[in-house]
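**Student:** What shape does this take:
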Amino acid sequence: MRRWALVAVGVALLCGLPVIASALPVSVPQLTASQLRERILTSADESYAGYAESNATFGLPPVSGLTGLTALLNGATKMRVWQATPSRWRVDVLSDAGERDTYQLRDNTSYIWDSGNELLTEVRGPQAYRLPRPADLVPPALALRLLSEAGRQASYHVIAPVRVAGQQAAGLRLTPTDPASTVGRVDIWADPSSGLPLLVEIYGRGLGRPALKSQFFQVSPWHPDQRVLTPVRSPGTGFTVTGSGNLAGALSKLGLVALPAELAGRIRQPVQPGFDEIGVYGGGLSTFVLLAVRGPDGQGLISDAISAGGAPLSIASGPGVVIGAPLINAVIFRPAGFFVTFLLAGTVSADLLEQAATELAEQVTLP
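**Tutor:** Okay, here's the model as predicted:
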């Protein structure tokens, strides 16, 4: 009996190790905010492997054609990750239904393995503009993107270190300086030596809980293994080839509209050649995107958003809707007499988007 009691104690200690480890004192080298930010930015070339989870509570309603995006931003995503370089990596998304694995082989080619359908898809072509995908929520990718976009339009401060995935992590807080941004702050904890981000939390303005949290539960340096990074098609499985544009949902159904150079005091950013129908306004963590979706697909956006709880509004004598969420707001409207529906969405206040929509209706012209 005593022997089994000792075994039980041993099992209890093993189960409690993660809790005990997180409670241990944390001591990291003293770094300034500028030094830590620079180490994080230069960690992009780190090779690593691990297991991460993201938990998003954006509160976005389900919209036809964007179900994958709303699921990604409204729940937990479990990921196995291997990265050799920023352009050579693999991310497996795990669920009760199976796996959906993405292999990035080089800048213009990737593969997607769907275990449920036993289908391997080759995706060809550059993806200058695309919808967010699970790989974007891996802590390093998320932290690097946020720091790069925020740039000088934010203030930076060192915060208390924590222990993440059994490692001591130094903390950096990013606070946008634009009052129109829906982002209140971003907290990033990273390995103080390599700068590899281990935990990222994004808070909406005035909120006490993160709208998005992404963290590693296990991570370590990794010597790249091409067998892991290369998809293998098993006998009896399907194979197909598609272009990157076919994965963009609403982005593949844009209408040709001459967009204004400025809206709501925000200058339109330059876009990639061939993407003149996309408008990106503002900068940093207070940016919004303008799309014109043609035909019934655009009309369906309005009705779907209203059915999902969006607030109806009228702009330029046409139907519209405003959708509010902790980090992302959107305005969708269709001016009277137009054959396209406009979608404005971004990390800015709903009031600013409504102002932009009103100005857009007064300025826009059809080719």
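**Student:** So which elements touch the helix or strand hosting Ala305?
**Tutor:** Counting by DSSP states H and E, the element that carries Ala305 is helix 295-307. With contacts taken as 3 or more CB pairs under 8 Å, 6 or more residues apart in numbering; DSSP states H and E, helix 295-307 sits against strand 318-323, strand 329-333, strand 340-346. C-beta here means a position set from N, CA and C on the backbone, and glycine is covered the same way.
**Student:** helices or strands up against the shortest one?
**Tutor:** Right, the one you point to is strand 329-333. helix 295-307, strand 311-315, strand 318-323, strand 340-346, helix 350-363.
**Student:** Listing partners with orientation, what would you give for the fourth one?
**Tutor:** Going back to what we said before, that points to strand 340-346. Strand pairing for strand 340-346, using DSSP bridges, gives strand 286-294 (antiparallel), strand 329-333 (antiparallel).
**Student:** Let's have those strands in CSV, adding mean pLDDT, mean neighbour count and distance to Leu120.
**Tutor:** Formatted as CSV, those follow (pLDDT from 0 to 100; neighbours: other CB atoms under 10 Å; distance: least, CB to CB, whole Å):
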stretch, mean pLDDT, mean neighbour count, distance to Leu120
strand 286-294, 88, 22, 30
strand 329-333, 91, 26, 34
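**Student:** Okay, now the unreliable bits of the chain?
**Tutor:** Where the chain drops to pLDDT under 70, the residues are 1-25, 58-74, 107, 126-130, 244-256, 274-275, 297, 365-367.
**Student:** re the thing from before, and the helices and strands packed on helix 295-307 as TSV, adding distance to Leu105?
**Tutor:** TSV is the format used below for the helices and strands packed on helix 295-307 (distance: least, CB to CB, whole Å):
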stretch	distance to Leu105
strand 318-323	36
strand 329-333	34
strand 340-346	31
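**Student:** Identify, out of these, the most deeply packed stretch.
**Tutor:** Among those, ranked by average contacts under mean count of other CB atoms under 10 Å, first place goes to strand 329-333 (a mean of 26).
**Student:** which other residues reach it?
**Tutor:** By CB atoms under 8 Å, 6 or more residues apart in numbering, the surrounding residues in contact with strand 329-333 are 182, 301-302, 305, 310, 313-316, 318-323, 341-346, 348-350, 353-354, 356-357, 361.
**Student:** So what's the gap between it and the chain middle?
**Tutor:** Distance, stretch centre to chain centre, for strand 329-333: 19 Å (CA atoms, centre = their mean, to the nearest Å).
**Student:** same check, this time on stretch 165-185
**Tutor:** Worked out by CA atoms, centre = their mean, stretch 165-185 lies 15 Å from the chain centre.
**Student:** Now do it: distance from first to last residue.
**Tutor:** Using CA to CA, to the nearest Å, the end-to-end distance of stretch 165-185 comes out at 23 Å.
**Student:** Kindly report the same for stretch 120-134.
**Tutor:** 18 Å.
**Student:** on that earlier part again, TSV for the strands paired with strand 340-346, including distance to Ala258?
**Tutor:** Formatted as TSV, the strands paired with strand 340-346 follow (distance: least, CB to CB, whole Å):
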stretch	distance to Ala258
strand 286-294	10
strand 329-333	17
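**Student:** What pairs with the helix or strand hosting Leu212, parallel or antiparallel?
**Tutor:** Element membership for Leu212, per DSSP H and E: strand 210-221. Under the criterion DSSP bridges, strand 210-221 sits next to strand 48-56 (antiparallel), strand 197-204 (antiparallel) in its sheet.
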